[in-house]
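**Student:** Structure here, sequence nowhere to be found:
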């Protein structure tokens, strides 16, 4: 399938190269319309463990970046899910162009709903929307076609953590993000602790904001969340975490 075929729904497509650990991916993306790979994508690839013959779910795949990376590792098969139809179109195209189309299955829908009930994953990559609506939209990180995390940034990630318990194979692991300062991180962690017996923080990084970005964020967030945006050096910054969750509690 070429990008010129009538069935392709995405406009303003460009080719972007991104390096994730030992793999270099050439990805078709649409910067003006859709979510594109970013620093968080790179962080996930550094800490997600893919073992030989693992079945992987990439929930919130976007244009396929982490799912394709997982397919280039020693995984058996990758199921990539996204609610945005245009994302799914590009993810399929990107999998083919990176040589993993045979082990990369795309499903369009919300979280685990498009996947067969009997499917289980050894690894779930849950890089889903975890930023509050206000800053996510105002800063241009999410276009109108891409869902954000709701008013406090927790809606999607909390549901994903809860439902993931039923979708892990024995000994499986879930990876999920927490945006401290741009979401209600306490709520996310409360749900995570109720759902999993073991939580391991594998990423702790600060993302700087420009003065203009901080001014925008200040107008969008309740004070309780804004208080967690801290000064680091000469700039304000929010704190990004990634957790590995194991031992689901049923």
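**Tutor:** On my side now, so go ahead. Model, not experiment: these values are computed from the prediction. Numbering: from 1, shown residues only.

**Student:** which ones are touching residue 182?
**Tutor:** For residue 182, the contacting residues are 130, 131, 132, 135, 136, 153, 217, 221, 225, 229, 238, by Cβ atoms under 8 Å, 6 or more residues apart in numbering. Every C-beta, even on glycine, is put in place using the N, C-alpha and C of the backbone.

**Student:** Over to residue 229?
**Tutor:** 181, 182, 209, 214, 217, 221, 236, 237, 238.

**Student:** wait, the first one sits on residue 228?
**Tutor:** Going back to what we said before, that points to residue 181. Yes: the criterion here is Cβ atoms under 8 Å, and residue 181 meets it with residue 228 at 4.1 Å.

**Student:** who has more neighbours, the two?
**Tutor:** Remark: of residue 181 and residue 228, residue 181 carries more neighbours, 25 against 17, as counted by other Cβ atoms under 10 Å.

**Student:** Excluding covalently adjacent residues, which one is nearest to the more buried one?
**Tutor:** residue 238 (3.6 Å; Cβ to Cβ, 6 or more residues apart in numbering).

**Student:** Tabulate the contacts of residue 229 (JSON lines), appending distance to residue 55, pLDDT and secondary structure.
**Tutor:** Shown next, in JSON lines, are these (distance: Cβ to Cβ, whole Å; pLDDT from 0 to 100; DSSP: H, G, I helix; E, B strand; the rest coil):
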{"residue": "181", "distance to residue 55": "34", "pLDDT": "93", "secondary structure": "coil"}
{"residue": "182", "distance to residue 55": "32", "pLDDT": "93", "secondary structure": "coil"}
{"residue": "209", "distance to residue 55": "38", "pLDDT": "93", "secondary structure": "strand"}
{"residue": "214", "distance to residue 55": "42", "pLDDT": "93", "secondary structure": "helix"}
{"residue": "217", "distance to residue 55": "38", "pLDDT": "90", "secondary structure": "helix"}
{"residue": "221", "distance to residue 55": "38", "pLDDT": "89", "secondary structure": "coil"}
{"residue": "236", "distance to residue 55": "41", "pLDDT": "95", "secondary structure": "strand"}
{"residue": "237", "distance to residue 55": "36", "pLDDT": "95", "secondary structure": "strand"}
{"residue": "238", "distance to residue 55": "33", "pLDDT": "95", "secondary structure": "strand"}
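
**Student:** among those, who's most crowded?
**Tutor:** residue 182 (30 neighbours).

**Student:** With residue 139 as the reference, measure out to that residue.
**Tutor:** Separation of residue 182 from residue 139 (Cβ to Cβ, to the nearest Å): 9 Å.

**Student:** Need the nearest residue in space to residue 163, chain neighbours excluded.
**Tutor:** Once chain neighbours are set aside, the closest to residue 163 by Cβ to Cβ, 6+ apart is residue 112, at 5.4 Å.

**Student:** What is the neighbour count of the one you found?
**Tutor:** Neighbour number of residue 112 under other Cβ under 10 Å is 22.

**Student:** Does it touch residue 57 like I think?
**Tutor:** Yes: with contacts counted by Cβ under 8 Å, residue 112 reaches residue 57, the gap being 7.5 Å.

**Student:** intersection of neighbour lists for these two?
**Tutor:** Common neighbours of residue 112 and residue 57 (Cβ under 8 Å, 6+ apart) are 81, 167.

**Student:** Please, which helix or strand holds the closest residue to residue 120 other than its chain neighbours?
**Tutor:** Excluding its sequence neighbours, the residue lying closest to residue 120 (Cβ to Cβ, 6+ apart) is residue 169, at 4.1 Å. Element membership for residue 169 (DSSP states H and E) is strand 168-180.

**Student:** Could you pull out the buried residues of that strand?
**Tutor:** 168, 172, 173, 174, 175, 176, 177, 178, 179, 180 (16 or more other Cβ atoms under 10 Å).

**Student:** same deal with stretch 68-77?
**Tutor:** Of the residues in stretch 68-77, 68, 69, 70, 71, 72, 73, 75, 77 count as buried by neighbour count, 16+ other Cβ under 10 Å.
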